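Asks: Here is my input; please provide its structure:
(2 chains, ligands or ions: 1)
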Amino acid sequence: MFPASFDFYRAHSAEEAVSLLGEHGADSRILAGGQSLIPAMRYRLAQPTVLVDINQMQAANYITEENGELRIGATVRDSDLEFSDLIRTNYQLMSDVSDVVADPIVRFRGTLIGSLCHNDPSGDWPAAMLAARAKMIIQNKDGKRVVNADEFIVDSFTTAVEEGEMAVETIWPTPSKNTGASYQKIERKVGDYATAAAAVQLELNEDGTVKEAGIGITAVSYVALRVAEGEALLRGQKVTRNLIKAVAAEASKMADPIADGRGSAEYKKEVVGVLVAKGIMQSLERLGRKVEA
Amino acid sequence: MSDQIKDLNPAKECRAMGKSIKRREDARFVQGRGTYVDDIELPKMLHMAIVHSPYAHALIKGIDTAEALKVPGVKAIITAKDLAGFNLDWIPTLAGDKQMVLATDRVMYQYQEVAAVFAETRAQAVDAAQLVEVDYEPLEVVADPFKAREDKVILRTDREKKTNHIFNWNVGDREATDKALAEAEVRVKQKAYYPRVHASPLEPCAIVADMNTATGRLTLYLTSQAPHAHRTVVSLVTGIPESNIRIVSPDIGGGFGNKVPVYPGYVCAAAGTIVLGVPVKWVATRTESMTTDSFARDFHMEAEIGATKEGKVTALKVTTVADHGAFDAAADPSKYPAGLFSICTGSYDFPTAFTEVDAYYTNKTPGGVAYRCSFRVTEASYMIERAMDTAARELNMDPAEFRFKNFIQKEQFPYNSPLGWTYDSGDYETTFKVALEKVGYEELRKEQAEKRAKGEIMGIGISTFTEIVGAGPSKDFDILGIKMFDGAEIRIHPTGSVIVRAGTKSQGQGHETTWAQIVAEELGLDVDKILVEEGDTDTAPYGLGTYASRSTPTAGGALALGARRIREKAKRIAAHLLEVSADDIEWEDYKFQIKGVPSKSVTTQDCAFAAYTNPAPGDEPGLETTYYYDPPNLTFPHGAYICVVDIDKSTGEVKVRRFVAIDDCGTIINPMIVEGQVHGGLAEGFAMAFMQEIVYDEEGNHLNTNYTDYLIPTAYEVPKFETGNTVTPSPHHPIGAKGVGESPTVGSPAAYVNAVIDALSPYGVSEIDMPISREKVFSKLRAAGVEAF
Ligand SMILES: Cc1cc2nc3c(=O)[nH]c(=O)nc-3n(C[C@H](O)[C@H](O)[C@H](O)COP(=O)(O)OP(=O)(O)OC[C@H]3O[C@@H](n4cnc5c(N)ncnc54)[C@H](O)[C@@H]3O)c2cc1C
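Replies: Predicted coordinates:
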């Protein structure tokens, strides 16, 4: 299909982008990697009249780690994360996701921030953002504000980014050495959105009890969900098989999926629990630990 | 492999046959220098977009084109009313039915074509198509053939017979089969649904239609697997003399049977150019391709096998309910409404058999194309290979042993099957043994037993299939009355280079290479100096095109025999050059020599030069021929495929660990091309087994209209294949070749599915339908009480 006609602007700075968005209002959209926006336009599901292209915004292309935080700019592609040694060694969850989000070709264009802003209910990054307790910096003509993952993710395809605003940076806390993580995704083929997926990040105390747990699930509700009850069950506990079952059950309980070509609602509900369980087990394994008896 | 070829002709090394010559067409494809229909741009060309129905079944109360006509650049919008003026609102189908080109008073399936818009640019045409207002009054939808069978809602009100039943086709001895089944010591029933799938060529259907109003010539650049047949059809439907129609099928990005039918989009574009007097281009979108191209399969089958306690089969009965969609547009030879489904006795010596197919109309896209298959052979082969496994399980017998017990023996060929075919040749035991050895069957069974003891899940699936391809002998096969022979023309230029043309049309099969190899071999010429051209009806000899693995069995035969006819003339020239009589000349080591005197010889190239410069007295000058080959029989390729799977208990994921495919397609022209064809087909078999199904809901909504929802496997999903060959030449084919392009799609699905069932059988699983999703396996495991973690 062909998109409806639109005007095209190229912004070279966040300020310029925000000003263009302000000028053109609700019918204008930022064009990042275009991997979600362009297909939606071609099917005419989206018909913005103005596109503000940020791909030439050199200053937005950074991945930096300082003071226990990782900062990522708006034009950083999934493939930049996939091939980054820093990510591979220090950010297990992000590294896992960047291996399985979309397909290799799409990853060369698609951006992390674009994915988060798109906030597809089956997207991989929103679940990871929740589990990792990441944040987003949003800029408008008046300045910047920081939003937590829980507040950033609002509804299907809706985030805290308002009209006239641009997400300029996402911040991911640097995990401690005692942190293990895992992203478990079931997909029908490479490049498919998840049938169900679970992002798990566990920080352990020296005695093997859980210090902090992050669990995000996706493709099983109208948005990615944080399994807060499951996280609470884990906190302060040794990870036993029964505890894993209980946490998995919490995930399944929260899940409220729809039936589609990827599977029935019952299946997705059940399997997302299995994925949470597998995620917990792999997180432990990666720390050289096993499930307690 | 070239060793095996050499055996056919033990005296000497082959020149061109049996060699893995690189595909000569590939250079232009990989460099982006091919010419596809969409690459064709003509002056003043308009673009066409189609308006599709959102309803599966509805009356059309009115069509308002006023707003759409206001879009800049729009030149015209046509509906069925306009086509009716040219008698083109309905066209005949290959199956003897008729179909609407644009919806007349009603739509019969979702996405049916309702109007066509012509504009200066494609974008304008698409914009305007969105503004065409159609007033629909929805009708009750029948999206299921079993519901259609009840005849509560009659879909085809235009037909005299008020029923949704299209045909019953049966073959074999019903009474004898029923009796044999009743008397059988063991009776095993097996149901299997072969899902509706899409051939999904990468290049969608496309046309540039160009009516030159001055000359009255209509040129159609068309994604056509059968350009000549299409020319004849266009002439019959429009009344334009066939000499005034030229069809050019340029490079084609995959066909798989999908580009055999005549689609409404083609007709609208042709009508557009005839009315508007300027060229019209239409390139289907992916959604159009998915929703309006002919589908494949959609067979609800049930087989029953009778056997003795010792495991000897005594009878086979297969009954099928076929969903043909809104019009019977199945692409089959005229006498075979269910194609060659009666090959369903497969590789096994059933003393008696019976099969019948009942077809029904539903509110779905019409079709029934032979997707990488020789007319319903895929369905037949899948059914028998599934049923054989089930029977072996019931008999508590190893599925390999059961097959060995029942194979048609090498000595039985030519073998007359109970359903009326004469199998040309085969050696099923040998091929199967090669496969079993290669995969290490006995060790795998041991490994499986050990794994089962530990609660791990592994399965081994077998398919030892027989195909029936190369339609075909004119006594049985025609399309719209045109006999299914094929033609080849060979013209040798004075300097010994050659142009070869055939009535077939490669869509990726590699004819530009293999046709040259056949001619080079027969005439002792250099492959690189043989140009192969197909697809232009003005120049190529008549032929029925490329599908159903028929090109090598038909045009391949025409090429070999045409070359031999040229050799006869060249022999006379050789005699003239060597100043002896033709009786004293022998063809030896790719040369004409005086009998027993190798030093006195001339080549075909020498003879070619003489043909133009110094012809033999009394002979016509020149060295060329056109040969039409009507094969005496079909060919029956076979193979033995073995698949090994491991299943993840927690998620139900099936991993294909190994896939061994031993094919026997008779003489091999180019081993690399054969291997490539086999790889591609095994990948498509994998896709059907695990990923693909066109899904409709009860309202007839097509639920997977693009490649996000309809899955095409990539290199990530497709397993590694281990291929090999045995060679049992066809005794009746001029070079002993049988055709191979479809064996892997036909043979592999059953191997994949049998492997999964074999893996799950300890959990009481005996049924699973394609596509085998994780969910299906997951549910079966959970139902059997297997814990996920
Ligand atoms: C074949 C294919 C497979 C895919 N598979 C998956 C998958 O498995 N999992 C998955 O999660 N995703 C998948 N995707 C989506 C892909 O990851 C996209 O890249 C991603 O969702 C969007 O990133 P983008 O940079 O392309 O954003 P764009 O498409 O450019 O933009 C998406 C939306 O976000 C807005 N936006 C972008 N950047 C900003 C910004 N800085 N501030 C404010 N708004 C912004 C845009 O205006 C637009 O509305 C797939 C896409 C394709 C084409």
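Asks: average pLDDT for stretch A:96-113?
Replies: Mean pLDDT, stretch A:96-113: 98.
Asks: quick one, domains of the chain?
Replies: Since no chain was named, I'll use chain A. A:7-53, A:61-173, A:181-285 (automatic domain parsing).
Asks: right idea, wrong chain: chain B
Replies: As assigned by automatic domain parsing, chain B contains the domains B:3-34+B:486-629, B:37-139+B:204-252+B:259-292, B:295-471+B:633-783.
Asks: Pick the most deeply packed of the ones you listed.
Replies: domain B:295-471+B:633-783 (a mean of 22; mean count of other Cβ atoms under 10 Å in any protein chain shown). Any C-beta I mention is one placed from the backbone N, CA and C, and that applies to glycine too.
Asks: what is the rounded mean pLDDT of that domain?
Replies: Averaging pLDDT along domain B:295-471+B:633-783 gives 97.
Asks: That domain close to chain A?
Replies: Yes. Under the criterion of Cβ under 8 Å from any Cβ of the partner chain, chain A is reached by domain B:295-471+B:633-783 at B:650-651, B:653, B:691, B:695, B:703-704, B:708-709, B:711-714, B:716-717, B:773-775, B:778-779, B:782.
Asks: coming back round to it: nearest approach to the ligand belongs to which of the domains of chain B?
Replies: Taking Cβ to the nearest ligand atom as the measure, those were each checked against the ligand, and domain B:295-471+B:633-783 came out nearest at 6.9 Å.
Asks: what about that closest one and the ligand, any contact?
Replies: No. With Cβ under 6 Å from any ligand atom as the measure, domain B:295-471+B:633-783 is seen stopping short of the ligand, the closest distance being 6.9 Å.
Asks: For that domain, measure first residue to last.
Replies: 34 Å (Cα to Cα, to the nearest Å).
Asks: Stretch A:65-80 now?
Replies: End-to-end distance for stretch A:65-80: 15 Å, by Cα to Cα.
Asks: residues in contact with that stretch?
Replies: Under the criterion Cβ atoms under 8 Å, 6 or more residues apart in numbering or on different chains, residues A:14, A:32-33, A:54-55, A:57, A:59-64, A:81, A:86, A:90-91, A:94, A:98, A:101-102, A:104, A:106-115, A:166-174 lie in contact with stretch A:65-80.
Asks: now do 7 Å
Replies: Applying Cβ atoms under 7 Å, 6 or more residues apart in numbering or on different chains, the contact partners of stretch A:65-80 are A:32-33, A:54-55, A:57, A:60-64, A:86, A:91, A:98, A:101-102, A:107-113, A:167-174.
Asks: residues of it that come out buried?
Replies: Applying a neighbour-count criterion of 16 or more other Cβ atoms under 10 Å in any protein chain shown, one finds A:Leu70, A:Arg71, A:Ile72, A:Gly73, A:Ala74, A:Thr75, A:Val76, A:Arg77, A:Asp78, A:Ser79, A:Asp80 buried in stretch A:65-80.
Asks: Any part of that stretch near the ligand?
Replies: Yes. Applying Cβ under 6 Å from any ligand atom, one finds stretch A:65-80 touching the ligand at A:Ala74.
Asks: Now find how far off-centre that stretch is within its chain.
Replies: In terms of Cα atoms, centre = their mean, to the nearest Å, the gap separating the centre of stretch A:65-80 from the centre of its chain is 13 Å.
Asks: For it, give the mean pLDDT please.
Replies: Over the span of stretch A:65-80, the pLDDT mean works out to 98.
Asks: Repeat that for stretch B:169-185.
Replies: 98.
Asks: neighbouring contacts of it?
Replies: Contacts of stretch B:169-185 with the rest of the structure, by Cβ under 7 Å, 6+ apart, involve B:187, B:304, B:306-309, B:314-315, B:317, B:337-338, B:342, B:352-357, B:418-420.
Asks: Go ahead and confirm A:His118 touches A:Gly34.
Replies: No. Taking contact to mean Cβ atoms under 7 Å, the distance of 10.7 Å between A:His118 and A:Gly34 leaves them out of contact.
Asks: Looking at these two, which is more packed in?
Replies: A:His118 (20 against 17; other Cβ atoms under 10 Å in any protein chain shown).
Asks: ok, that one to chain B distance?
Replies: A:His118 is 15 Å from chain B, where distance means Cβ to the nearest Cβ, to the nearest Å.
Asks: Measure how buried the closest residue to A:Ala32 other than its chain neighbours is and give me the count.
Replies: Excluding its sequence neighbours, the residue lying closest to A:Ala32 (Cβ to Cβ, 6 or more residues apart in numbering or on different chains) is A:Gly114, at 3.4 Å. Residues contacting A:Gly114 under the criterion other Cβ under 10 Å number 25.
Asks: so is A:Gly114 in a helix, a strand, or just coil?
Replies: Three states are possible here, and by DSSP: H, G, I helix; E, B strand; the rest coil the one that applies to A:Gly114 is helix.
Asks: all strands for the stretch 551-700 of chain B, in order.
Replies: Here the stretch 551-700 of chain B has its strands, by DSSP state E, counting those that start in this stretch, at B:585-588, B:591-594, B:597-602, B:624-629, B:638-647, B:654-664.
Asks: Show me what the first one packs onto, helices and strands only.
Replies: Secondary-structure packing of strand B:585-588 (3 or more Cβ pairs under 7 Å, 6 or more residues apart in numbering or on different chains; DSSP states H and E): helix B:557-578, strand B:591-594.
Asks: Quick one: mean pLDDT over that strand.
Replies: For strand B:585-588, the mean pLDDT works out to 96.
Asks: Name the residues that touch that strand?
Replies: B:Arg567, B:Lys571, B:Ala574, B:Ala575, B:Phe592, B:Gln593, B:Ile594, B:Lys595, B:Pro598.
Asks: What residues does the second one make contact with?
Replies: Shown here is B:Lys571, whose contacts under the criterion Cβ under 7 Å, 6+ apart are B:Ala582, B:Ile585, B:Phe592.
Asks: Which one of those is nearest to chain A?
Replies: Distance to chain A, by Cβ to the nearest Cβ, is smallest for B:Phe592 among these, at 56.2 Å.
Asks: Surely that closest one is in contact with B:Ser601?
Replies: Yes. B:Phe592 is in contact with B:Ser601 according to Cβ under 7 Å; the separation is 6.1 Å.
Asks: just curious, which of the contacts of B:Lys571 is nearest to B:His198?
Replies: The shortest separation between B:His198 and any of these is 52.1 Å, and it belongs to B:Phe592 (by Cβ to Cβ).
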